[in-house]
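**Q** starting from these lines, generate the structure:
(one chain, ligands or ions: 2)
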Amino acid sequence: MGAPEKRRLTILGSTGSIGTNTLDVIRQLGGRDAFEIAALTGNGNIELLAGQAKATGAELAVTADEGQYENLKTALAGTGIEAAAGRSGLIEAAERNAGWVMAAIVGTAGLAPTLAAARRGADIALANKECLVSAGELFVRAVQAGGGKLLPVDSEHNAICQVLEENQRHAVERIILTASGGPFRNATLTEMRDVTAATARAHPNWSMGLKISIDSASMFNKALEMIEAMHLFNVRPDQIEVIVHPQSIVHSMVGYSDGSVLAQLGCPDMRTAIGYALSYPARPALDVQRLDFAKLSRLDFEAPDEERFPALRLARVAMERGGVQGAVLNAAKEVALEAFIAGHVGFLQMAEITEAVMEAQSALPAAETMDDVFLADQEARRIAKTLVERNAAAA
Ligand code: NAD
Ligand code: MG
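**A** Ligands and ions are numbered 1, 2, ... in the order given. Below is the predicted model of the structure:
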């Protein structure tokens with residue numbers, strides 16, 4: 001009997017929070033004996049990227065930052081590992097013949113490479129949110145046409161995937177996304193007006209990248225997840241519920257027509273979801289903390305407050321309108337988020353700016369091609385930037 005076949009994997013965004021957790025899962029599952037790394041990609045952190053490539057024996061390392069190409073080449077000199085850079089380098093990484101691709105680039109930058117991997121039929125472990133939020137049906141269709149599987153890594157969608165019985169899809173009544181409520185769950189609007197990026201990024205339960213941490217505080221993260229869930233599980237907007245669950249133990253639930261609700265529980269550790277996606281359909285053995293029910297005295301649930309967290313309402317508007325409205329919401333939100341991180345707009349203004357852009361762009365036709373998505377994204381960014389500048393001038 002020969003050794004079991006290795007999984008050939010590319011990690012888009014290997015230097016981030018999901019990327020480094022993915023490498024830890026790979027190490028736990030046997031490292032080089034079990035996985036062959038085709039390509040790794042990063043952005044500014046060349047030392048980390050080169051170190052990861054050497055440690056895993058990757059064939060190709062790519063920095064998204066063209067200006068860092070020479071540094072990456074120097075760091076990899078003598079190793080035989082190829083170096084590449086920029087958008088074309090990211091596409092090259094995605095198109096390498098790896099059966100599995102972990103899509104963990106943050107933001108819209110992740111869209112084109114993930115799409116390239118989907119089109120050639122790779123199985124996609126999907127962490128990046130923009131693929132489904134912005135490209136929605138087009139992305140799902142690209143995966144279907146390519147013939148690969150789509151395995152969500154985001155803890156909520158991963159949980160739903162785990163409890164969504166494939167032969168009972170017709171009996172699914174509702175998808176219930178849990179939300180921790182973030183650091184401002186109990187804050188008043190007045191308190192929220194003055195918070196800074198430093199306080200907003202301090203998530204109570206999860207350790208994540210900067211942008212997603214702030215998106216969790218504003219609940220834009222949940223807004224994106226609602227839109228993702230609609231596309232991923234092919235349900236109507238009114239079938240998607242959000243419930244605040246401060247302990248982040250129940251990762252999400254599916255309600256069925258007989259009144260049953262199936263939930264997936266676990267400690268808040270992304271490695272469980274990553275391991276599930278990378279080992280599917282098998283369940284891997286992972287060294288993560290186990291839930292101790294005796295110590296877990298209670299699980300709380302409460303309705304979200306859409307007045308303090310308007311992002312949830314905006315997600316419903318985007319879902320009802322359909323078409324490219326997910327792309328518009330996401331692009332406007334990204335510009336507003338960057339402006340918030342830079343200190344140019346306040347915390348609550350992120351939703352105000354996003355809503356204003358969505359109102360200005362409410363009548364866009366549905367996307368026929370990815371170019372339509374990119375156009376909607378760019379136009380939403382342009383409008384959002386003018387609103388940010390107007391705000392800065394008024395301040
Ligand atoms: P992160 O910021 O820690 O890492 C992002 C990765 O993308 C890094 O490798 C970085 O080098 C790369 N990157 C950044 N800008 C880039 C660009 N312009 N072009 C190409 N690459 C670029 O983010 P993260 O927390 O690991 O999240 C990654 C994605 O997964 C995000 O879309 C996030 O919303 C989603 N996600 C994350 C978590 C989590 O627990 N961290 C959970 C669910 C979903
Ligand atoms: Mg999540």
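**Q** what packs against the helix or strand L111 falls within?
**A** For L111, the host element (DSSP states H and E) is helix 111-119. When contacts are defined as 3 or more Cβ pairs under 8 Å, 6 or more residues apart in numbering; DSSP states H and E, helix 111-119 packs onto strand 7-12, helix 86-95, strand 100-103, strand 123-126, helix 130-146. Where you see a C-beta, it was placed from the backbone N, CA and C, and this is true even at glycine.
**Q** which one of these is the most hemmed in?
**A** Highest mean neighbour count of the helices and strands packed on helix 111-119: strand 100-103, a mean of 28 (counted as mean count of other Cβ atoms under 10 Å).
**Q** which residues sit against it?
**A** With Cβ atoms under 8 Å, 6 or more residues apart in numbering as the test, strand 100-103 has contacts from 7-14, 18-19, 22, 94, 110, 113-114, 117, 122-128, 131, 153, 274, 277-278.
**Q** residues contacting the closest residue to ligand 2 within the chain?
**A** Closest approach of the chain to ligand 2 (Cβ to the ion) occurs at D154, with a separation of 4.3 Å. Residues counted as contacts of D154 (Cβ under 8 Å, 6+ apart) are 126-127, 129, 225, 228, 273.
**Q** would TSV of those residues with distance to ligand 2 be doable?
**A** Formatted as TSV, the contacts of D154 follow (distance: Cβ to the ion, whole Å):
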residue	distance to ligand 2
L126	12
A127	9
K129	8
E225	6
E228	9
A273	9
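**Q** read off the pLDDT value for the residue of the stretch 101-250 of the chain found nearest ligand 1.
**A** For the stretch 101-250 of the chain and ligand 1, the shortest gap (Cβ to the nearest ligand atom) falls at G209, measuring 2.7 Å. pLDDT for G209: 84.
**Q** count the neighbours of the closest residue to it other than its chain neighbours for me.
**A** Closest residue in space to G209, ignoring its immediate chain neighbours: S17 at 4.7 Å, by Cβ to Cβ, 6 or more residues apart in numbering. Burial measure for S17: 19 neighbouring residues, criterion other Cβ atoms under 10 Å.
**Q** cool, the one 3 residues further on as well?
**A** In terms of burial, T20 registers 15 neighbours under the definition other Cβ under 10 Å.
**Q** my guess is the residue of the stretch 101-250 of the chain closest to ligand 1 contacts A104. True?
**A** No. With contact defined as Cβ atoms under 8 Å, G209 does not reach A104; the gap is 9.4 Å.
**Q** shared neighbours of those two, anything?
**A** Common neighbours of G209 and A104, counting by Cβ under 8 Å, 6+ apart, are 16, 18.
**Q** and the contacts of stretch 129-149?
**A** With contacts defined as Cβ under 8 Å, 6+ apart, stretch 129-149 is touched by 103, 107-108, 110-111, 114-115, 117-124, 126, 150, 154, 224-225, 227-228, 231-232, 280, 324, 326-327, 329-331, 367, 369-370, 373, 377.
**Q** list the beta-bridge partners for the spatially closest residue to A58 that is not a sequence neighbour.
**A** In space, and not counting its chain neighbours, A58 is closest to I37: 4.1 Å by Cβ to Cβ, 6+ apart. Beta-bridge pairing for I37 (DSSP bridges): L9.
**Q** what residues does I37 make contact with?
**A** Applying Cβ under 8 Å, 6+ apart, the residues near I37 are 8-11, 26, 53, 56-59.
**Q** can you check A229 too?
**A** By Cβ under 8 Å, 6+ apart, the contact list for A229 reads 156-157, 160, 175, 177, 235, 240.
**Q** what of V106?
**A** With contact taken as Cβ under 8 Å, 6+ apart, V106 is in contact with 13, 16, 128, 209, 211-212.
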